[in-house]
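K.L.:
no sequence on hand, only this structure:
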C-alpha cells in the first residue's frame, strides 16, 4: 500500500498543482464577481453530479476489490448513461439562464467539463482497486496539462477568459476520457439489474453527496453576502485544496483495502489515518504563517484581503483530511449506511455553520463555521468506528446487516 500511496500521491499532486494554476489564471483574468459565479456553480454541480451518479463510483471501487465484475460493468454503464443525461439537462438549464441574462453562457462548457470528469473518475476506480495506480493517475494529469496548454495561449491572445477556461477544460476532460475508455475494459457474463445497482449504490451516493457539500461553501457565501464576496472567499477556499491531497489519496486506497478484510482489520486502519491527518500540519502551518504573501502571489493583489479567510480554512484542514478516509473505513466495514447518515447530518452542520458565520463575520466567519463542522464530523466518525459494527456487520454486508442486492 505504501508504494501505491506514493505513486498515487505524486500523480494527484501534479494534477492538483496544475488545477491550482488553472484557477489562478482564471482568478487573475476575470472579476471577483465572475470568479465567484464560476466557483459557486462548480460547488452546486459537484453535489448534483454525485446525486445523478447514484453512488456508482464508490460501488465500482468496492465491487472490483471483491471480484464482482458483473456489478462493476453494470455500474460503469450506468455511469456513462447518467453522465450523458446530466450533460444535456445542465446545458439546457444554463442556456436558459444565459438567455435571461442571469449567467454567462460560457458556464455551459464548465458544467460539461465537470460531468465528463465525473464519468472518467468513476472508471479510474477500477485500476486503483486493482493496484495499478500509475495508469490510473495519468489521465488525470493529462486533462489538467492539456487544459493549461490551451488556456495560457488563449488568454495571451485576448480570448474571452471564461470561454477559454471552459473550452480548455472540456478538451482536456474529453481527451482523458478517451484514454480511460481504452485503459478500462471490464467484461463479465450476465448483467446486474439497474434497480439492484441503484439500491446498492445509494449509501455511497448519500455519503459522497454530504461530503461534496463542502464545495457549496462558496455558493452559500454568494447567497448570504454577494458574488463578489464569494469570489474573495473562493480565492482562499481553492488554495486549501493541496492540504487535502494526502488524505484524499489515502481514502481512495482505504475503501478497497478495508473491503477485503474483516471489520476488525478495517478498524486497524484508523491509527495510520490519524498520523496522516497530523502529517498534514507540515503543509498547514507554513501556509498559515505565510497566508497573505501566498494568496497574493497565487491569486493576485486584489485578493490580499482573503488571507484571514485562508488561515481559518487551514485550521480545519487536518480534520477535513480525516473525514473522507474515516468514512471509507466505515464503508469498508459494510457500514455504508452509517457513513451516509453521518455525512447527511454533517452536511446540515456545515451549511448552517458557513451561513451563520458569513452573516456574523463575513468570509472569515464562513471559514470558521466550515472548519468547526469538520471537527464535529471527525469526532463523530471516530466514535462510530470505535463502537464497532452493529449486528456483526462485516465487509460485503450493508449497514443494516443484510447482504447487498445482486
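P.N.:
Arrived safely. As the structure is a computational prediction, the values presented were derived from the model and not from experiment.
K.L.:
what's the neighbour count on the nearest residue to residue 194 once chain neighbours are set aside?
P.N.:
Excluding its sequence neighbours, the residue lying closest to residue 194 (C-beta to C-beta, 6 or more residues apart in numbering) is residue 78, at 6.3 Å. C-beta coordinates here come from the backbone N, C-alpha and C atoms, glycine included. A count of neighbours around residue 78, defined by other C-beta atoms under 10 Å, yields 22.
K.L.:
residues contacting residue 78?
P.N.:
For residue 78, the contacting residues are 54, 56, 194, 197-198, taking C-beta atoms under 8 Å, 6 or more residues apart in numbering as the criterion.
K.L.:
ok, of the residues you listed, which come out buried?
P.N.:
Buried members of the contacts of residue 78, scored by 16 or more other C-beta atoms under 10 Å, are 54, 56, 197-198.
K.L.:
about what we covered before: let me know the closest of the contacts of residue 78 to residue 178.
P.N.:
residue 56 (19.9 Å; C-beta to C-beta).
K.L.:
so who does the closest one touch?
P.N.:
By C-beta under 8 Å, 6+ apart, the contact list for residue 56 reads 75-76, 78-79, 82, 122, 197, 201, 204.
K.L.:
quick one: low-confidence ranges for the chain?
P.N.:
Under the criterion pLDDT under 70, the flagged ranges of the chain are 1-9, 133, 241-269, 272, 276-277, 332-333, 388-406.
K.L.:
which element is the residue nearest to residue 299 when sequence neighbours are not counted on?
P.N.:
Sequence neighbours aside, residue 235 is the residue nearest to residue 299 in space, at 4.4 Å (criterion: C-beta to C-beta, 6+ apart). Under the criterion DSSP states H and E, the helix or strand holding residue 235 is helix 227-239.
K.L.:
pull the distance from stretch 322-332 to the chain's centre.
P.N.:
Relative to its chain's centre, stretch 322-332 lies at 14 Å (C-alpha atoms, centre = their mean, to the nearest Å).
K.L.:
cool, and stretch 194-206?
P.N.:
In terms of C-alpha atoms, centre = their mean, the centre of stretch 194-206 is set 19 Å apart from its chain centre.
K.L.:
same deal with stretch 108-124?
P.N.:
12 Å.
K.L.:
now do stretch 38-50
P.N.:
The chain centroid and the centroid of stretch 38-50 are separated by 10 Å under C-alpha atoms, centre = their mean.
K.L.:
try stretch 160-170
P.N.:
For stretch 160-170, the distance to the chain centre is 21 Å (C-alpha atoms, centre = their mean).
K.L.:
got the buried residues for that stretch?
P.N.:
Of the residues in stretch 160-170, those buried by neighbour count under the rule 16+ other C-beta under 10 Å are 161-162, 164-170.
K.L.:
got it, and stretch 122-142?
P.N.:
Within stretch 122-142, the residues scored as buried using 16+ other C-beta under 10 Å are 122-129, 131-133, 135-142.
K.L.:
may I see the buried residues of stretch 180-192?
P.N.:
For stretch 180-192, the buried set under the neighbour-count rule, 16+ other C-beta under 10 Å, comprises 180, 183-184, 186, 192.
K.L.:
I should have written stretch 356-376 there, sorry.
P.N.:
Residues of stretch 356-376 classed as buried by neighbour count (16+ other C-beta under 10 Å): 356-358, 361-376.
K.L.:
swap in stretch 63-70?
P.N.:
63-66, 68-70.
K.L.:
now stretch 45-64
P.N.:
Under the neighbour-count criterion of 16+ other C-beta under 10 Å, stretch 45-64 has 45-50, 52-64 buried.
K.L.:
now find how far off-centre it is within its chain.
P.N.:
Counting by C-alpha atoms, centre = their mean, stretch 45-64 comes out at 11 Å from the chain centroid.
K.L.:
first to last residue in it, what's the distance?
P.N.:
Using C-alpha to C-alpha, to the nearest Å, the gap from the first to the last residue of stretch 45-64 comes to 27 Å.
K.L.:
on that earlier part again, the buried residues of stretch 356-376 in helices, which ones?
P.N.:
Counting by DSSP state H, those place 356-358, 361-376 in helices.
K.L.:
so residue 24 makes contact with residue 299?
P.N.:
Yes. Taking contacts as C-beta atoms under 8 Å, residue 24 lies within contact range of residue 299: 6.0 Å.
K.L.:
of these two, who's got more company?
P.N.:
The residue with more neighbours, out of residue 24 and residue 299, is residue 299; 27 against 17, by other C-beta under 10 Å.
K.L.:
report the contact partners of the more buried one.
P.N.:
By C-beta under 8 Å, 6+ apart, the neighbours of residue 299 are 24, 27-28, 235, 239, 306.
K.L.:
buried subset of those?
P.N.:
If you count burial by 16+ other C-beta under 10 Å, the buried members of those come out as 24, 27-28, 235, 239, 306.
K.L.:
now, which of those sits nearest residue 101?
P.N.:
Out of these, the member with the shortest distance to residue 101 (by C-beta to C-beta) is residue 27, at 23.6 Å.
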